[in-house]
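K.L.:
here is a sequence with its predicted model. Questions after.
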Amino acid sequence: MKALVAFILLVQLPAPRAAPAAPPLSPLGCDDPESEAAAQFAVNYINGHSHHGYKFALNRIDNVRVVSQGLNNDIMYLELDLLETTCHILSPTPLANCTVRSFTQHAVEGDCDVKLQKLDGKLSVLASKCHSHADSSEDLLHVCPDCPLLASLNDTEVLATVTAALNDHNSKAAHPYLQLLEIGRARIQHHPVHSVSVEFAVAATNCSAAEAKGNAGACQLLPEDQSNFGFCTASRLLRPSEDLSVDCQLYGHQVPAPSPPRSSQDTSAGLVPSVAQGFTNHNLRISHNNPVASESASSEFPSPVLSAKPMAKRAVAEAAQHDKVPRPVGFVPPPPPPCPGKIRHFSI
């Protein structure tokens, strides 16, 4: 009987309440401080692993996605828009002090997908894929009809200008004799004057200008513990009269020494590295997968991230169209979408 009463009382007791479910995490916005910190970390990584061309700066975070892997362990997927700066990749100038090229200088944009891990507050890059491209000539000429356009890096006038500029500098400098590493960019203007402007990276050799005369092929780049890289700009007027101006600056030895542009060609005679043949800019060709990434932190990019840019741009276009609809007085517009983020410089 006592057992029966106890059973009845147990049945009548209310079931214990389940613990309240944790509120869902708000999606991380593209302009949130955490996203911006991850993006800047990624940009520094990209510049640190690039061996050609120029440093790139963050222009906009197009998309961000966070996938939790456990306590204090998140995987972040970023889609980034970058813009080329005036600092060559060998320059010791911090990125924060590098100037983004203006639109009228025929800007170059970089597009990057980056996968990071944030473990106990520390960021690391698991994978990255980047490419870059110059703005269309039509867009530039529409805004600035007289602006010179980017020229192919192996154009005959470009090669002739680089060779003339380097010979001119080496003929006047007592020491050291400079050797071409790569041509960074070139622009040709045909009207109202015919001129060629070039930029190129150089390195000091173990020869002086006098020692190199007649035997430049014997000059060797300085060893890594003494390496000294530099950068030259030159402008050559071809018509109506001829003129040449050259400015070369050596950076001085850097610790650690940066990796010079990789090329299988001898660039001492003004030859362009093979990666530049037929192109107007060095492609930000970064593709990296962390070989020690765990299975749960696979270095593969999910398809939603790879397709985020078209979706983000479509969302911006739809929002712009939506904003054209007349609004009643006192209407308060909704907050902007979390992505894409703000444009820091300009859109191309």
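P.N.:
Sure thing, it's come through. Numbering: from 1, shown residues only.
K.L.:
what's around P256, how many residues?
P.N.:
6 (other CB atoms under 10 Å). From N, CA and C alone the C-beta is placed, and that goes for glycine too.
K.L.:
ok, now Y251?
P.N.:
So Y251, with other CB under 10 Å, has 19 neighbours.
K.L.:
so what's it up against?
P.N.:
Applying CB atoms under 8 Å, 6 or more residues apart in numbering to Y251 gives the contacts L90, S91, P92, N228, F229, G230, F231.
K.L.:
tell me which two of these sit farthest apart.
P.N.:
S91 and N228 (12.8 Å; CB to CB).
K.L.:
looking at those two, which is more packed in?
P.N.:
Between S91 and N228, counted using other CB under 10 Å, the more crowded position is S91 (22 against 18).
K.L.:
so that one lies in a helix, does it not?
P.N.:
No - judged by DSSP: H, G, I helix; E, B strand; the rest coil, S91 forms no part of a helix; its state is coil.
K.L.:
can you tell me the element G184 falls in?
P.N.:
Counting by DSSP states H and E, the element that carries G184 is strand 178-189.
K.L.:
quick check: mean pLDDT of that strand?
P.N.:
Strand 178-189 shows a mean pLDDT of 95.
K.L.:
not counting its neighbours along the chain, what's nearest S137?
P.N.:
Excluding the flanking residues, the one nearest S137 by CB to CB, 6 or more residues apart in numbering is L149, at 5.2 Å.
K.L.:
ah, wrong one, I meant H133
P.N.:
Nearest one to H133, counting by CB to CB, 6+ apart, is E109 at 6.2 Å.
K.L.:
identify the residues contacting that neighbour.
P.N.:
N59, D81, L82, L83, E84, S132, H133, A134, D135, I348.
K.L.:
can you tell me which of the residues you listed lies closest to V43?
P.N.:
Closest to V43, out of all of these and judged by CB to CB, is L82, at 6.6 Å.
K.L.:
how many neighbours does the closest one have?
P.N.:
Applying other CB under 10 Å, we find 26 other residues in the vicinity of L82.
K.L.:
again, but for D168
P.N.:
Counted with other CB under 10 Å, D168 comes out at 16.
K.L.:
show me where this protein has its strands.
P.N.:
54-70, 73-88, 108-119, 122-134, 149-150, 178-189, 194-204, 229-239, 243-250, 287-289 (DSSP state E).
K.L.:
what ranges in the stretch 101-250 of the chain fall below the confidence cut-off?
P.N.:
Judged against pLDDT under 70, the stretch 101-250 of the chain has no low-scoring part.
K.L.:
drop anything exposed from the contacts of E109.
P.N.:
Buried members of those, scored by 16 or more other CB atoms under 10 Å, are N59, D81, L82, L83, E84, S132, A134, D135, I348.
K.L.:
dump the residue contacts of the last one.
P.N.:
By CB under 8 Å, 6+ apart, the contact set of I348 is L83, F103, A107, E109, D135, D139.
K.L.:
now do the last one against L123, distance only.
P.N.:
It stands for D139. Note on D139: its distance to L123, by CB to CB, to the nearest Å, is 35 Å.
K.L.:
of those two, which one has the most company?
P.N.:
The neighbour count for D139 versus L123, taken as other CB under 10 Å, is higher for L123 (16 against 13).
K.L.:
my read is that that one contacts V43, right?
P.N.:
No - assessed by CB atoms under 8 Å, L123 is found out of contact with V43, at 12.0 Å.
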